[in-house]
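In: Give me a model of this one.
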Amino acid sequence: VEVYYIEFQLAENSNLEETKKKKFSKSDTLEHIQNVMREEFNIATEADTRLWNKYTSNTYEQLARLDNTVQDAGLFSGQLIIIEIKNEDGTWPRQARSTGTLGTNGSTSPIPAPPPQPLGTSSSFDKKEGSPVGTGASTSTASSSRYNFSGTSATYGDGG
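Out: Down below sits the predicted model:
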């Protein structure tokens, strides 16, 4: 029996001001969190979605490994988890480019677009420091990406 749950703030990408607090177990998967968020925000089960967590005011990480647990992903209490819904035209809101503004990398989304991946690099940029190693069949967070956005120049963040 788990005594201490981790509370997250949940938000939909299109409305980051409206957050809902929910408690999860460290052993809950990101897929479970995504399903709870679909329910909370009335998102159709057939809609393509992806999750992001917010580390600081300008650092986001895509949570791509839905089989990871809260503990595997290194999430902590109070963190904002964002669900993003794919547009009908097949694009993601945070990748949609606007023509009139230079704001956050030319995007109309509240989440800044990530910088382009440097050519010829391994996935070492994607690995989080301090992640548990050797916890079964590759449960590392190598497929998640963390980016730091400051002003108009985007650099890889170390997340603290």
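In: Would you mind listing the buried residues in the longest strand along the chain?
Out: Using DSSP state E to define each element, the chain has its longest strand at strand 15-24. Residues 22, 24 are the ones in strand 15-24 that count as buried (16 or more other Cβ atoms under 10 Å). Glycine gets a C-beta too; all of them are placed from N, C-alpha and C.
In: and the angle from the helix or strand encompassing residue 38 to strand 15-24?
Out: Per DSSP states H and E, residue 38 falls inside helix 30-40. Relative orientation of helix 30-40 versus strand 15-24 (axes from the mean of the first three to the mean of the last three Cα atoms, to 10 degrees): 120 degrees.
In: which residues sit against helix 30-40?
Out: Applying Cβ atoms under 8 Å, 6 or more residues apart in numbering, the contact partners of helix 30-40 are 8, 10, 12, 20, 22, 24, 43-45, 47, 49, 51, 63, 65-70, 73, 81, 83.
In: Report the backbone C-alpha coordinates of that helix in CSV.
Out: Below are the C-alpha coordinates for helix 30-40, written out as CSV (Å, rounded to 0.1, in the frame of the first residue of the first chain):
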residue,chain,number,x,y,z
LEU,A,30,2.6,7.8,-18.1
GLU,A,31,0.0,6.0,-20.2
HIS,A,32,-2.3,6.0,-17.1
ILE,A,33,-1.7,9.7,-16.6
GLN,A,34,-2.5,10.3,-20.3
ASN,A,35,-5.8,8.3,-19.9
VAL,A,36,-6.7,10.3,-16.8
MET,A,37,-6.0,13.6,-18.6
ARG,A,38,-8.1,12.5,-21.6
GLU,A,39,-11.0,12.0,-19.2
GLU,A,40,-10.4,15.2,-17.3
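In: in its sheet, what does whichever helix or strand comes after that helix sit against?
Out: Next in sequence after helix 30-40, counting helices and strands by DSSP H and E, comes strand 49-56. The strands beside strand 49-56 in its sheet (DSSP bridges) come out as strand 59-63 (antiparallel), strand 80-85 (antiparallel).
In: What residues sit buried inside strand 49-56?
Out: Neighbour counts over strand 49-56 (16+ other Cβ under 10 Å) mark 49-55 as buried.
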